[in-house]
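[1] okay, here's the prediction I keep looking at, along with the sequence it came from:
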Amino acid sequence: MKKLVSVAIAMLLAASVGFAAGEINVKAGYDLASSISISGENGGSGLSADGVEVGAEFLMPVANMVKVGGGVSYLLARDVYKKDGYKTNVNFSYIPIYATIQVNPISTLPGIFLKGNIGYSVFSLGGDGSTGAETSGGLYYSAGAGYEFPFGLIAELAYFGVNSSLKFGDDTQDVTYGALAIRAGYKFKL
């Protein structure tokens, strides 16, 4: 997993050197209204795990109102809670690595943007749930909107989802995590 993250960061840095007209956006956020669904006999729904995320993206303009690029983020380990607020002994984290597109649809308000991400996410499980479990990452996707202030500050609201799986012996369980995220960051022009 560390090698995969190192490769993603190296790709972002290489891309930033190769395209001087681009930008690097550094962001931090909080996942609100999260939900987790786990298939299988021992799975369930009605679970939640709000938590913190950090990340960086490289974006390069390809048209007047369109930027494309890539990013990596880290959804820090978060504890899983049941509907009644009971904390389980399980926690998990994700590392999404993704392609991104950002569109500024209103030419008179260039700070407003719509954004979409799609990629792969590495999945890690901790706590009691990690005993004897094999984890597999899966599809990461996100759609949102935000505003870029002229002085470099970025504010964003997005819904994202991650598909992954757990394997206990012969039993494979699909894990789906989704959340509404509020993010803030800063844009560094290259």
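    Right, received. Where do you want to start?
[2] only C-alpha atoms from now on, for both contacts and neighbour counts.
    Will do.
[3] name the residues of stretch 89-106 that come out as buried.
    By 16 or more other CA atoms under 10 Å, the buried positions in stretch 89-106 come out as 90-104.
[4] and the strand ranked longest in the chain, what's buried?
    As assigned by DSSP state E, the longest strand anywhere in the chain is strand 171-189. Neighbour-count burial for strand 171-189, with 16+ other CA under 10 Å as criterion, is recorded at 172-187.
[5] what about Ser107, how many neighbours?
    Ser107: 10 surrounding residues under other CA atoms under 10 Å.
[6] what pLDDT does it get?
    Looking at Ser107, its pLDDT stands at 82.
[7] tell me which stretches of this structure form helices.
    Along the chain, counting by DSSP state H, helices occupy 2-18.
[8] pLDDT below threshold where in it?
    The model of the chain has pLDDT under 70 over residues 1-20, 40-45, 129-131.
[9] and the strands in it?
    Under DSSP E, the chain gives strands at 23-38, 44-47, 52-63, 66-81, 87-103, 112-127, 134-136, 138-148, 153-168, 171-189.
[10] from what I can see Phe188 touches Ile24, true?
    Yes - counting by CA atoms under 8 Å, Phe188 touches Ile24, with 5.2 Å between them.
[11] for Pro150, state which of the buried residues of strand 171-189 is nearest.
    Nearest to Pro150, judged by CA to CA, of the buried residues of strand 171-189 is Lys187 at 9.8 Å.
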